[in-house]
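1. Quick one, fold the following:
(one chain, ligands or ions: 1)
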Amino acid sequence: MLEQRNEFIRDNQELKNRLTFLKTIWNERKVSSGKTQSLGQKTQCPFYAYYSADFKSLPKGQRFIYDTVITNIGNGYNESTGAFIAPTFSVFAFSWTLHAAGRHLFGESGQYGEMGALLEKNGIIKGSIAADTEMKSNQGTATGFVILNLTAGDEVKILSKYDGQGSMYSNDVYGRTTFSGFVINP
Ligand SMILES: [Ca+2]
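-> Below you'll find the predicted structure:
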């Protein structure tokens, strides 16, 4: 009888612990997400941002700042820092693009567009793309895609891999420079 009672108490405590854990997750998601979206949208935290205009290639180590935000449910993406901060723990997919211009768009001379773009999670490289063109009117394009396991607070950003050359496109004729992501399976 005493043993059964102890077992009951243990089971009860375990259930309480699980409930507390689930409440914590639920509250984290409520706090980090907007209040107007449905649960499915909230927990998927989708974002999509792009450069509003063509730009000069960036020097080594400089981060990409995607200034135009189309989608940002959960506010994980910050358009002033260019970084995505995971609002929740989950498996995320990210995609990012580059379009090297075969034209001198900012009065430069010599080399045409060339850049590398690293995707970093908490300062560690998790993805890498590069786009390069050596010829006038030719274009180099690259797209990256990664799947990452993140915990709440992890930072994902895109950085220039080396000193770039020339100009990069971000327009609706030659292609937008974009950064996007979402939770695969909330
Ligand atoms: Ca080159």
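2. for the residue of the chain found nearest the ion, what are its contacts?
-> Distance from the ion to each residue of the chain (Cβ to the ion) is smallest for residue 114, at 3.9 Å. All C-beta spots, glycine's among them, are computed from the backbone N, C-alpha and C. Shown in contact with residue 114 (Cβ atoms under 8 Å, 6 or more residues apart in numbering): 57, 100, 130-133, 140, 164-166.
3. Out of those residues, which two sit at the greatest distance?
-> 130 and 166 (13.5 Å; Cβ to Cβ).
4. More neighbours: those two, which one.
-> Set residue 130 next to residue 166 and count neighbours by other Cβ atoms under 10 Å: residue 166 wins out with 24 against 17.
5. Excluding chain neighbours, what is closest to that one?
-> Leaving out its chain neighbours, the residue that sits closest to residue 166 by Cβ to Cβ, 6 or more residues apart in numbering is residue 113, at 4.1 Å.
6. Check whether the one you found really touches residue 58, as I assumed.
-> No. Residue 113 lies out of contact with residue 58 (Cβ atoms under 8 Å); the separation is 11.3 Å.
7. Mind listing the residues bridging to residue 127?
-> The partner list for residue 127 in beta bridges (DSSP bridges) reads residue 119.
8. that older thread, please say which of residue 113 and residue 58 ends up with more neighbours.
-> residue 113 (29 against 21).
9. list the contacts for that one?
-> Neighbour list for residue 113: 57, 99-102, 131-133, 139-140, 164-169 [criterion: Cβ under 8 Å, 6+ apart].
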